[in-house]
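Visitor: Structure here, sequence nowhere to be found:
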């Protein structure tokens, strides 16, 4: 009888433990999405050091909204900041920025990304932007174009690192390292003919 009671108590304990674990798993945020937000600040009025300080405030606030900031890029000359993050939705990303330092992004794009390549040491980094128009681009098509970029990049000493695409808005962002912006434009032109609307020299933080 004592043995039977012990077995029943053990089963009950395991059942409670499993139930507790399931409740904990259900409370974990699911289906996070990838976003790139854009801050359009005044040209020449933003420094990488200032953005780094603001980013630390973002990191301190991100858990409140289920956000995880991954990387950011700063074009000091143009006054632009780009932040890459996982989040449940775009509102969570804006709320995090608002609570952290009050700098709300001008635009937030839900993105699909590619496979990231390694950085090369001591090289200048660029973020180029293709504005192809709503409904005019698919993630599959961009993946194909990126493969063509990779096949051509060595000719112009460019190192394409990754890309992000928003099909709804027709926005494609490509991150690369190069000697100058014209090398990136030339590579895109020879690879597939899609010329970026903007090329920003950036510094990366994370």
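Guide: Good, I have the coordinates. What you see is a predicted model, and the numbers here were worked out from it, not measured in a lab.

Visitor: which helices and strands sit right next to the helix or strand hosting residue 140?
Guide: Residue 140 is part of helix 139-152 when elements are defined by DSSP states H and E. Contacting helix 139-152 under the criterion 3 or more CB pairs under 8 Å, 6 or more residues apart in numbering; DSSP states H and E are the following elements: strand 159-166, strand 171-177, helix 181-191. For every residue, glycine as well, the C-beta is placed using N, CA and C.

Visitor: Save the ones you listed as JSON lines, and put in mean pLDDT and mean neighbour count too.
Guide: Below are the helices and strands packed on helix 139-152 laid out as JSON lines (pLDDT from 0 to 100; neighbours: other CB atoms under 10 Å):
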{"stretch": "strand 159-166", "mean pLDDT": "98", "mean neighbour count": "21"}
{"stretch": "strand 171-177", "mean pLDDT": "98", "mean neighbour count": "24"}
{"stretch": "helix 181-191", "mean pLDDT": "98", "mean neighbour count": "19"}
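
Visitor: Now distance to residue 111 too, for the ones you listed, in a markdown table please.
Guide: As requested, those are exported to a markdown table (distance: least, CB to CB, whole Å):
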| stretch | distance to residue 111 |
| --- | --- |
| strand 159-166 | 4 |
| strand 171-177 | 8 |
| helix 181-191 | 19 |
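
Visitor: Going along the chain, name the helices of this structure.
Guide: Using DSSP state H, the helices of the chain run over 2-26, 48-61, 90-100, 139-152, 181-191.

Visitor: Could you name the helices and strands sitting against the last one?
Guide: Here helix 181-191 is seen to pack against strand 125-131, helix 139-152, strand 171-177, strand 198-205 when contacts are counted using 3+ CB pairs under 8 Å, 6+ apart.

Visitor: residue closest to the middle of the chain?
Guide: residue 84 (2.8 Å; CA atoms, centre = their mean).

Visitor: Can you give me the distance of residue 73 to residue 46?
Guide: 12 Å (CB to CB, to the nearest Å).

Visitor: wait, residue 71
Guide: Taking CB to CB as the measure, residue 71 falls 17 Å from residue 46.

Visitor: More neighbours: which of these two?
Guide: Neighbours per residue (other CB atoms under 10 Å) separate residue 71 from residue 46, with residue 46 holding more: 21 against 15.

Visitor: pLDDT value on the more buried one, please?
Guide: On pLDDT, residue 46 comes in at 93.

Visitor: what residues are up against it?
Guide: By CB atoms under 8 Å, 6 or more residues apart in numbering, the contact list for residue 46 reads 74, 76, 79, 81.

Visitor: give me that answer again for 6 Å
Guide: By CB atoms under 6 Å, 6 or more residues apart in numbering, the residues touching residue 46 are residue 79.

Visitor: From residue 80, how far off is it?
Guide: To residue 80, residue 46 is 8 Å away according to CB to CB.

Visitor: go on, residue 158?
Guide: 21 Å.

Visitor: what about these two, which has more around it?
Guide: With other CB under 10 Å as the criterion, residue 158 and residue 80 differ in neighbour count, and residue 158 comes out ahead with 25 against 21.
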